[in-house]
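Student: Make a model of this:
(chains A and B)
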Amino acid sequence: KAGVTQTPRYLIKTRGQQVTLSCSPISGHRSVSWYQQTPGQGLQFLFEYFSETQRNKGNFPGRFSGRQFSNSRSEMNVSTLELGDSALYLCASSSQGGDSPLHFGNGTRLTVT
Amino acid sequence: TQLLEQSPQFLSIQEGENLTVYCNSSSVFSSLQWYRQEPGEGPVLLVTVVTGGEVKKLKRLTFQFGDARKDSSLHITAAQPGDTGLYLCAGSPSNFGNEKLTFGTGTRLTIIP
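Tutor: Numbering: from 1, shown residues only, chains lettered A, B, ... in the order given. As a prediction, this is how the structure comes out:
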């Protein structure tokens, strides 16, 4: 069974630009969650999608958005990038969400200059 | 917001030594998961504990869930360089529904050969 796939692996953007990250979950998993990981703040929850609906949302500004498609693939978008958005963005899928075990991708490393 | 504090934040020990890392909260969790993250990769689930007082063993790793389900510990016996990584605990709130997992602050473990 293929794992969670995130693309691209690395991104370098300039302040003010926008970026879209992609995540393909494990086949059959309907829940996709996104996390931001930084050395100072650890793993911070962004949002969770389940069957194309946002089910939970973390405490991030509206510049961070996401969506899920009918095949469970998910994208997250960050608009008007700030230097502080530099981080590892992790996507995780699970069969049901909630407290179901998470299967993480290897992340997208975003650097904002 | 339910917080999970992990200690120590950093730990560096010699190969063959034993160690314990802790995950503490003032909140009750219905279940708690432990993950290990290696450089350049996403976290990988090690174990899930769901019953107060539960002890689970995974080779040289022993996980315990506190009786009150507010804390957990991970004990590693005869540590090996392959145990190096970031250890994260993650808890699910003690209620029903689709609550997101809350991740701890992490313990970065380095085993010196």
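
Student: how about the helices in chain B?
Tutor: Using DSSP state H, chain B contains no helices.

Student: Name the spans of it whose pLDDT lies under the cut-off.
Tutor: Counting by pLDDT under 70, the ranges of chain B that qualify are B:1-2, B:94-99.

Student: Ok, chain A next?
Tutor: In chain A, residues with pLDDT under 70: A:1, A:97-98.

Student: and with 80 instead?
Tutor: A:1-2, A:96-100 (pLDDT under 80).

Student: Tell me which helix or strand the residue most central in space within it sits in.
Tutor: Among the residues of chain A, A:Trp34 comes closest to the average C-alpha position under C-alpha atoms, centre = their mean, at 3.2 Å. Here A:Trp34, judged by DSSP states H and E, is contained in strand A:31-38.

Student: Within its sheet, name the partner strands of the helix or strand that that strand is followed by and how each one runs.
Tutor: As assigned by DSSP H and E, the chain's next helix or strand after strand A:31-38 is strand A:42-50. Here strand A:42-50 is paired, per DSSP bridges, with strand A:31-38 (antiparallel), strand A:53-57 (antiparallel).

Student: Only alpha carbons, please: show strand A:42-50 as CSV.
Tutor: C-alpha atoms of strand A:42-50 as CSV (Å, rounded to 0.1, in the frame of the first residue of the first chain):
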residue,chain,number,x,y,z
GLY,A,42,6.4,22.2,17.3
LEU,A,43,3.6,20.5,15.4
GLN,A,44,0.7,22.9,15.0
PHE,A,45,-2.7,21.8,13.7
LEU,A,46,-3.9,23.6,10.6
PHE,A,47,-7.1,21.8,9.5
GLU,A,48,-8.7,18.5,8.9
TYR,A,49,-10.8,17.5,5.9
PHE,A,50,-13.1,14.5,5.9
